[in-house]
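Asks: Compute the structure for the input listed below.
(one chain, ligands or ions: 2)
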Amino acid sequence: MARESYIRGAPPVLECTITHNPFKIMSTSRTIFIILILTVVTVFTSTKTAEGARTFFVFGDSLVDSGNNNYLPTTARADSPPYGIDYPTHRPTGRFSNGFNLPDLISQHIGSEPTLPYLSPQLTGQRLLIGANFASAGIGILNDTGFQFVGILRMFQQFALFQQYQGRLSAEVGAAQAQRVVNGALVLMTLGGNDFVNNYFLTPVSARSRQFTIPQYCRYLISEYRKILMRLYELGGRRVLVTGTGPLGCVPAQLATRSRNGECVAELQRAVQIFNPLLVQMIRDLNSQLGSDVFVAVNAFQMNMNFITNPQRFGFVTSKIACCGQGRFNGIGLCTVASNLCPNRDTYAFWDPYHPSERALGFIVRDIFSGTSDIMTPMNLSTIMAIDSNLY
Ligand SMILES: *[C@@H]1O[C@H](CO)[C@@H](O)[C@H](O)[C@H]1NC(C)=O
Ligand SMILES: *[C@@H]1O[C@H](CO)[C@@H](O)[C@H](O)[C@H]1NC(C)=O
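Replies: Numbers count the residues shown, from 1 in each chain. Ligands and ions are numbered 1, 2, ... in the order given. Model (predicted):
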């Protein structure tokens, strides 16, 4: 998937040797000089590529967890079949996907190896330079989000592990180089969905819904999210993709329990449409305060709505029924070995009651790379990669 770029040389020019021509000597040495430059450029470029593309760090929830929860005492896990059915190994890995997840597809696009879960014992030595994934399924912006999942890594714990990672990286490559690697890394932060579905809207009446109206709750979430992003900046993050919340009212889990005829649940849709614009505004404010476009808002709502409202145009047979699940819209309960399972995952927008299929994620990643500034604010990832390749 990574695009190859290479310098296309001019076809070799055969010159006949005319020894008495004084210009010949000049021209030959110029040719040698140019070849030398080309060689230097080529060596430099290939060293850069061999050193590994950009380091990548991932924080957040199940949309980006690549297996940390496998190592934790929690019920929020994707470590049994049919999860991973389309992964290269065809085995579950802890990713909440039939195959690759969002961080995997971003890694592929930027030419990096996939980031390992931070808790994986394989993440040692030079592999630390690839980056690390700290995400944990079930968490949210707030500490009380996902309390029912028990032993998951909340944001303050993901950051504590990020600090521990930086200590280990320093031991491997030295403090100065470690700092450069962290500052030069791409970071993905995916957070917020669970603060709605696994907190405010978890039960008909919740502690948070007694405490806040929906607009008040959104403002509260944003003020807490701002602290989280500032903390990430303090810890060295300098280029951070921040995904807004997807269309939570349209996921099969919500259709199954709250939708009359399969239409998206209005209350949830309204809530995230209050939250997302506040997030974009907060990111704008943060960037202007920092004097740099550190944070980039990803309009995941719109990216998902594209294939949800027009599944056939994207080659899906449905965006309402999960591939793996049971009950109405296959949206009830968990995806397990006992669930209904669709034969071809590529024709379903949703893999399980909450998570898009690998193929749907591919459309999201395409937008992250080349979306216009209304869905990638202030710029898309191909622009970021081009700008940053001149900086680091
Ligand atoms: C979450 O808990 C940690 C550790 O107790 C605390 O430092 C942090 O402020 C809490 N965050 C929120 C939003 O309450
Ligand atoms: C996004 O990426 C594409 C390249 O894929 C570029 O042509 C386009 O101008 C970019 N858009 C913005 C708004 O940055």
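
Asks: residues contacting residue 342?
Replies: The neighbours of residue 342, taking C-beta atoms under 8 Å, 6 or more residues apart in numbering as the test, are 323, 324, 348. (Each C-beta comes from the backbone N, C-alpha and C, glycine too.)

Asks: can you list these in TSV and add pLDDT, neighbour count and secondary structure?
Replies: Shown next, in TSV, are the contacts of residue 342 (pLDDT from 0 to 100; neighbours: other C-beta atoms under 10 Å; DSSP: H, G, I helix; E, B strand; the rest coil):
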residue	pLDDT	neighbour count	secondary structure
323	98	27	coil
324	98	27	strand
348	98	26	strand
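
Asks: Can you tell me which of those is closest to residue 362?
Replies: residue 348 (13.1 Å; C-beta to C-beta).

Asks: All the helices of the stretch 1-150 of the chain, in order from the start?
Replies: Applying DSSP state H, counting those that start in this stretch to the stretch 1-150 of the chain gives helices spanning 22-50, 102-109.

Asks: mean confidence for the first one?
Replies: Confidence over helix 22-50, taken as the mean pLDDT, stands at 40.

Asks: could the contacts of residue 342 be laid out in CSV, adding distance to ligand 2?
Replies: Shown next, in CSV, are the contacts of residue 342 (distance: C-beta to the nearest ligand atom, whole Å):
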residue, distance to ligand 2
323, 30
324, 33
348, 27
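
Asks: just the residues you listed now: which is nearest residue 94?
Replies: Looking across the contacts of residue 342 and measuring by C-beta to C-beta, the closest to residue 94 is residue 324, at 15.7 Å.

Asks: and that closest one, what does it touch?
Replies: 82, 98, 330, 335, 339, 340, 341, 342, 351, 352.

Asks: how about 6 Å then?
Replies: With contact taken as C-beta atoms under 6 Å, 6 or more residues apart in numbering, residue 324 is in contact with 82, 335, 339, 341, 352.

Asks: With residue 74 instead?
Replies: Residue 74 neighbours (C-beta under 6 Å, 6+ apart): 149, 150, 151, 152.

Asks: Highest neighbour count among these?
Replies: Using other C-beta atoms under 10 Å as the neighbour criterion, residue 152 leads the contacts of residue 74 with 28 neighbours.

Asks: wait, isn't that one in contact with residue 138?
Replies: Yes - counting by C-beta atoms under 6 Å, residue 138 is a contact partner of residue 152 at 4.7 Å.

Asks: Wait, a helix at residue 313?
Replies: Yes - applying DSSP: H, G, I helix; E, B strand; the rest coil, one finds residue 313 inside a helix.

Asks: count of neighbours near the closest residue to it other than its chain neighbours?
Replies: Leaving aside its sequence neighbours, residue 313 sits nearest to residue 307 (C-beta to C-beta, 6 or more residues apart in numbering; 7.7 Å). The criterion is other C-beta under 10 Å. On that basis, residue 307 has 22 neighbouring residues.

Asks: which residues touch residue 307?
Replies: Residue 307 makes contact with 314, 349, 360, 363 under the criterion C-beta under 6 Å, 6+ apart.

Asks: Next, it: phi, psi?
Replies: Main-chain dihedrals, residue 307, degrees, to the nearest 10: phi -90, psi -20.

Asks: Could you tell me the phi and psi values at residue 318?
Replies: Dihedral angles (degrees, to the nearest 10) for residue 318: phi -160, psi 150.

Asks: Residue 191 - nearest residue in space that isn't next to it in sequence?
Replies: residue 60 (4.8 Å).

Asks: whoops, I mixed them up, residue 220
Replies: In space, and not counting its chain neighbours, residue 220 is closest to residue 212: 6.2 Å by C-beta to C-beta, 6+ apart.

Asks: Identify the bridge partners of the closest residue to ligand 2 within the stretch 201-350 of the chain.
Replies: Per C-beta to the nearest ligand atom, residue 296 is where the stretch 201-350 of the chain lies closest to ligand 2, at 10.5 Å. Here residue 296 sits in beta bridges with residue 241, as judged by DSSP bridges.

Asks: any idea how far it lies from residue 152?
Replies: Applying C-beta to C-beta, to the nearest Å, the value for residue 296 to residue 152 is 26 Å.

Asks: Repeat that for residue 205.
Replies: In terms of C-beta to C-beta, residue 205 sits 24 Å off from residue 152.

Asks: Neighbours of residue 163, how many?
Replies: Neighbour tally, residue 163, other C-beta under 10 Å: 10.

Asks: picking that back up, look up phi and psi at the residue nearest to residue 220.
Replies: According to degrees, to the nearest 10, residue 212 has phi -130, psi 150.

Asks: what about it, distance to residue 282?
Replies: Distance from residue 212 to residue 282, by C-beta to C-beta: 17 Å.

Asks: now do residue 368
Replies: 20 Å.

Asks: what about the closest residue to residue 349 other than its chain neighbours, how many neighbours?
Replies: Counting by C-beta to C-beta, 6+ apart, residue 349 lies nearest to residue 319, which is 3.9 Å off, once chain neighbours are set aside. By other C-beta under 10 Å, 26 other residues sit near residue 319.
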